[in-house]
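Chemist: Below is the sequence, then the predicted model.
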Amino acid sequence: MATAKTGGSRRRPTWLKVVLVLVLALAALGWLYRAPLYGFAETGAAVGARNACACRYVAGRSLKDCKKDFEPRMEAVFVSDDEDERSVTGYVPLIASETAHYRKGFGCVLDPWDE
């Protein structure tokens, strides 16, 4: 008489294990390099805000046109302007954000950094 198999061990698919290991490795690298990554993001956001502010409110160009002036490898920096405040905010999503205001006689000035 034959008996049916009951509750055999279930194996997880190999691709699931690979994805889990990759996610954990990326999280570990992000944690390990968090200080330099944050520093680069904050500096990039500040440079983007300052340059876009000067382009927008000193040179009088459109914000879309100002994006052409960004240095190579600044693709992660986005900018938005506030016409009422005459300011431009540069940001790297979920990491850093910096704002530059236009001040007559001084040009575009970054907001002070919190320490």
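Modeler: Ah, there it is. Numbering: from 1, shown residues only.
Chemist: got the buried residues for stretch 107-115?
Modeler: For stretch 107-115, burial by neighbour count (16 or more other C-beta atoms under 10 Å) applies to 108, 110. Heads up, the C-betas are built off the backbone N, CA and C, glycines and all.
Chemist: can you pull out the helices in this protein?
Modeler: 14-32, 34-53, 63-66 (DSSP state H).
Chemist: Looking at the ones you listed, which is nearest to Thr89?
Modeler: For Thr89, the closest of the helices of the chain is helix 34-53, at 5.9 Å, according to C-beta to C-beta.
Chemist: counting contacts, what elements does the closest one pack onto?
Modeler: Where contact means 3 or more C-beta pairs under 8 Å, 6 or more residues apart in numbering; DSSP states H and E, helix 34-53 is packed against helix 63-66, strand 78-82, strand 87-92, strand 96-103, strand 107-110.
Chemist: of all those, which lies closest to Leu29?
Modeler: strand 87-92 (17.3 Å).
Chemist: Tell me the strands beside that closest one, with direction?
Modeler: strand 78-82 (antiparallel), strand 96-103 (antiparallel) (DSSP bridges).
Chemist: what angle do the first one and helix 34-53 make?
Modeler: Right, the one you point to is strand 78-82. 50 degrees (axes from the mean of the first three to the mean of the last three C-alpha atoms, to 10 degrees).
Chemist: residues of strand 78-82 that come out buried?
Modeler: Buried, per 16+ other C-beta under 10 Å, within strand 78-82: 78-79, 81.
Chemist: So among those, where is pLDDT lowest?
Modeler: Looking at the buried residues of strand 78-82 by pLDDT, the weakest one is Asp81, with 92.
Chemist: Check what pLDDT Thr89 gets.
Modeler: At Thr89, pLDDT is 96.
Chemist: Trp113 now?
Modeler: 73.
Chemist: Angles on the backbone of it, please.
Modeler: When read as degrees, to the nearest 10, the backbone of Trp113 gives phi -80, psi 140.
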